[in-house]
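Asks: how would this look folded up:
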Amino acid sequence: FITSSHNTYLVGDQLKGLATTEQYTSVLQKGCRCVELDCWDGAPGVPEGNPGDQPIITHGHTLCTKILFRDVIKAIKAGAFGPPAWNPYPVILSIEMHCSMKFQEKMYEICRRELGPMLYLLPEDADVNPEP
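Replies: A predicted model of the protein is given here:
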């Protein structure tokens, strides 16, 4: 078994809670190996500083705050395998996808750039059925 986290990004309730990257670091350092990312299209200034082309993480259709997908990926990379826990086991990103194709492509670019060789990708010649 593995330890997983639901609404990993939230401090407080799922109607008006605070979304933070620190929550990812906290649960990963405590041994969690499956974290949830609720991904949505970004908009200019949401959250502050977003030029509008960055995907965000939030609990949709609520008053919860929003954080940048890129900042969460960076937090996961920094917190998943380093001190003080030094956990060697892989991390599963459970992505609840609400993004348009444009933002999904941006998420892919961010993961490739930020995680590099840490990211497991299927071989290009893998026989995969993309249907759920």
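Asks: and the helices in the chain?
Replies: Here the chain has its helices, by DSSP state H, at 22-29, 69-80, 101-115.
Asks: will you turn these into JSON lines that also has distance to residue 126 and mean neighbour count?
Replies: Any C-beta I mention is one placed from the backbone N, CA and C, and that applies to glycine too. Below are the helices of the chain laid out as JSON lines (distance: least, Cβ to Cβ, whole Å; neighbours: other Cβ atoms under 10 Å):
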{"stretch": "helix 22-29", "distance to residue 126": "28", "mean neighbour count": "20"}
{"stretch": "helix 69-80", "distance to residue 126": "23", "mean neighbour count": "20"}
{"stretch": "helix 101-115", "distance to residue 126": "16", "mean neighbour count": "15"}
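Asks: could I get those helices as TSV with mean pLDDT?
Replies: TSV is the format used below for the helices of the chain (pLDDT from 0 to 100):
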stretch	mean pLDDT
helix 22-29	96
helix 69-80	96
helix 101-115	97
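Asks: looking at these, spot the one closest to residue 16.
Replies: helix 22-29 (15.7 Å; Cβ to Cβ).
Asks: what packs against the closest one?
Replies: strand 34-40, helix 69-80 (3 or more Cβ pairs under 8 Å, 6 or more residues apart in numbering; DSSP states H and E).
Asks: out of these, nearest to residue 114?
Replies: Closest among these, using Cβ to Cβ: helix 69-80, at 4.7 Å.
Asks: so what's the residue nearest to the spatial centre of the chain up against?
Replies: With distances taken as Cα atoms, centre = their mean, the residue of the chain nearest its centroid is residue 37 (4.1 Å). Shown in contact with residue 37 (Cβ atoms under 8 Å, 6 or more residues apart in numbering): 8-9, 57, 69, 72, 93-96.
Asks: please spell out the ChimeraX selection for the buried subset of the residues you listed.
Replies: Buried subset of these, written as a ChimeraX selection, criterion 16 or more other Cβ atoms under 10 Å:
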select :8,9,57,69,72,93,95
